[in-house]
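Chemist: need a 3D model of the sequence below.
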Amino acid sequence: MEFRPYITTALRLRVHFAPAAGQLQTLEGPVAYAAGDAIVTGVAGEQWPVPADSFAAKYRPATDAQSPDRDGLFVKRPAIVQARQLLQATSV
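Modeler: This next block holds a predicted model:
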């Protein structure tokens with residue numbers, strides 16, 4: 001079975017920018033973040049930090065009225081990824 005290119009789904013996500021450095025409990029465990037990093041909240045309420053220097057490349061404001069450096073709704077930019085469809089259940 002080969003990998004094929006797929007485009008990721010663009011989701012609207014709530015983002016706030018950290019006023020100070022800290023640590024966030026993510027689904028993968030604790031993750032440190034710096035002042036100015038984006039804290040993204042997913043559709044199920046999960047949160048993860050995104051470094052300030054890479055945030056603009058991955059996310060855009062959800063509307064033209066939204067400032068790119070202010071808290072609010074953002075959309076993850078679509079990306080092309082290589083994926084393979086699994087036809088049976090598996091575990092990692």
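
Chemist: who touches the residue lying closest to residue 43 once chain neighbours are set aside in this structure?
Modeler: Excluding its sequence neighbours, the residue lying closest to residue 43 (C-beta to C-beta, 6 or more residues apart in numbering) is residue 11, at 6.4 Å. For the C-beta atoms, the positions are set from N, CA and C on the backbone; glycine is no exception. Going by C-beta atoms under 8 Å, 6 or more residues apart in numbering, residue 11 touches 42, 43, 75, 76.

Chemist: by neighbours, which of those wins?
Modeler: Using other C-beta atoms under 10 Å as the neighbour criterion, residue 76 leads these with 17 neighbours.

Chemist: now the strands for this protein?
Modeler: 4-7, 12-17, 22-26, 29-33, 38-41, 47-50, 59-61, 72-76, 80-83 (DSSP state E).

Chemist: out of those, flag the one nearest residue 89.
Modeler: Smallest distance to residue 89 across the strands of the chain (C-beta to C-beta): 16.8 Å, for strand 80-83.

Chemist: what strands line up against the closest one, and which way round?
Modeler: Strand pairing for strand 80-83, using DSSP bridges, gives strand 4-7 (antiparallel).

Chemist: ok, and what's touching the strand it pairs with?
Modeler: Counting by C-beta under 8 Å, 6+ apart, strand 4-7 makes contact with 78, 79, 80, 81, 82, 83, 84, all of which sit outside it.
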